[in-house]
Every structure is written in C-alpha cells, then in structure tokens.
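[1] Build me a structure from this.
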Amino acid sequence: MSARALAPLALALVVTACAAKRPVLYPNDVLVETGPELAELDIDACLELAAAYGHEAKPAEDVAKETAKGSAVGAAVGGAAGAVTSGSGPRAAAGAAGGAVLGFFRGLFRSRDPDPIQRSFVEQCLRERGYQPIGWR
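    Residues are numbered from 1 along each chain as shown. You can find the predicted model right below:
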C-alpha cells in the first residue's frame with residue numbers, strides 16, 4: 001500500500017485519537033426534561049468551570065511526555081541491542097526513533113482520557129445540576 005493511500009487513514013486515526021472524551025449521562029428525569037442539547041451545554045459549562053479552577057486536560061503536554069518517554073526507552077533498548085551485536089550507535093538511534101513514534105501514538109490515544117481530578121470535578125458539577133454521569137466516551 002502506498003503512502004498516498006495511507007495518508008487519509010492516518011489522518012482519520014489522528015483526528016479520532018484527538019477527540020476528547022465527554023461525560024455520558026443516565027437518562028433520568030432531569031435529562032429527559034432538559035433534552036440532549038441543553039445537557040450538552042451544561043456539560044460544556046461544567047468543563048469550563050473545571051478549567052477555570054485549573055482542572056483541565058492538557059493533551060499536548062501528555063503527548064509530548066509519552067513521546068519523550070518512548071524515545072528514551074527506545075534508545076536504551078536499541079543501545080543495549082547494539083552493544084550485544086556491535087553497532088550501538090545506529091541501533092540506539094533507530095530505537096529512539098521507533099520508541100518516539102510508539103510513544104507519540106500512545107500519548108495521542110491516552111490524551112483523550114480526562115484528568116482524574118477534572119473528571120471528578122465535572123461529574124460533581126453535573127450531579128449538582130441534577131444529572132447522573134455514568135461514564136466518559
């Protein structure tokens with residue numbers, strides 16, 4: 001498969017991975033009365049309130065940390081393999097590059113998950129408004 005054929009697939013993967021998770025609400029009386037449109041506005045308001053108090057997701061930082069961690073691990077593994085097979089420099093570089101790519105994608109997918117404090121904050125905010133959060137998706 002050519003690089004041109006893979007480009008749209010890679011773009012779709014990145015866009016999907018970057019979409020932040022949002023709370024899922026149980027259809028209790030409050031949700032039924034307000035409707036899904038107003039409930040989404042309440043979710044947005046709770047997310048903004050959490051951010052105003054410093055509890056927000058930082059996906060770019062998370063992806064950068066995972067990329068750096070993957071690069072360091074890859075370099076160490078590549079260097080160790082190279083030391084055994086006499087070629088530690090190129091193997092360490094290749095390991096670092098491979099580890100960075102794996103770390104980048106790992107961070108990209110993990111960055112969708114809300115920070116635990118942000119999650120608790122938003123769920124409490126929604127409960128105070130009468131909703132029943134049951135998870136994040």
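[2] Check which residues of stretch 28-46 are buried.
    Val30, Leu31, Thr34, Ala39, Asp42, Ile43, Cys46 (16 or more other CB atoms under 10 Å). For every residue, glycine as well, the C-beta is placed using N, CA and C.
[3] can you tell me how far the fifth one sits from Pro23?
    Put plainly, it is Asp42. Per CB to CB, to the nearest Å, Asp42 is found 10 Å from Pro23.
[4] what touches both of these two?
    Common neighbours of Asp42 and Pro23, counting by CB atoms under 8 Å, 6 or more residues apart in numbering, are Leu126.
[5] where along this protein do the strands fall?
    23-25, 133-136 (DSSP state E).
[6] so which of these is the most packed in?
    Comparing these on average neighbours per residue, with mean count of other CB atoms under 10 Å, the densest one is strand 23-25 at a mean of 18.
[7] Who are the packing partners of that strand?
    Where contact means 3 or more CB pairs under 8 Å, 6 or more residues apart in numbering; DSSP states H and E, strand 23-25 is packed against helix 29-52, helix 116-128, strand 133-136.
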